[in-house]
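> Task: produce atomic coordinates for the following.
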Amino acid sequence: MNIVPVDRAGPYRTSTLDLVTARDIEDVLGFPPNIEDDPDKVKYSWGFEADGKFAAIWDYKGSHKLRVWSTYDPDGIIATLFNRSTDNEDK
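Just a heads-up that it's a prediction; the model follows:
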């Protein structure tokens, strides 16, 4: 899968990604956090396209300490990248 960073934050949370660290995310995506987000609420934030489909991962108010991440993933590519299912709110 071709993953490229994009300068775009996730517009809202569609699912969560659990039990991974910031380093794990960086290793899978191949680049460090690349989005400057609200510094009072978000420490790590990635915006990217995988095979042309936009997705985003970020922590919210320290959720990274619990290894819980908010995701914008309407196409389900994050689950594929991390070889697991995400907790989709729409289900």
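> drop to CA atoms for contacts and neighbour counts, all remaining ones
Fine.
> Need phi/psi at the residue nearest to A50 when sequence neighbours are not counted.
Nearest residue to A50, sequence neighbours excluded (C-alpha to C-alpha, 6 or more residues apart in numbering): I3, at 4.4 Å. Backbone torsions of I3, given as degrees, to the nearest 10, read phi -110, psi 130.
> and I3, how many neighbours?
Other residues within reach of I3, judged by other C-alpha atoms under 10 Å, total 17.
> any idea which element P39 lies in?
Assigned by DSSP states H and E, P39 belongs to neither a helix nor a strand.
> Need the pLDDT of it.
P39 is assigned 91 on the pLDDT scale.
> What ranges does this protein have for its strands?
In the chain, the strands defined using DSSP state E lie at 3-5, 15-18, 45-50, 53-58, 68-72.
> about what we covered before: what sits against the residue nearest to A50?
29-30, 48-51 (C-alpha atoms under 8 Å, 6 or more residues apart in numbering).
> Considering those, which is situated nearest to R13?
Distance to R13 across the contacts of I3 (C-alpha to C-alpha) is lowest for F48, with 14.9 Å.
> what's around that closest one, how many residues?
When neighbours are defined as other C-alpha under 10 Å, F48 has 23 of them.
> Name whatever forms a beta bridge with it.
Judged by DSSP bridges, the bridge partners of F48 are P5, A55.
> Nice, that's everything, thank you.
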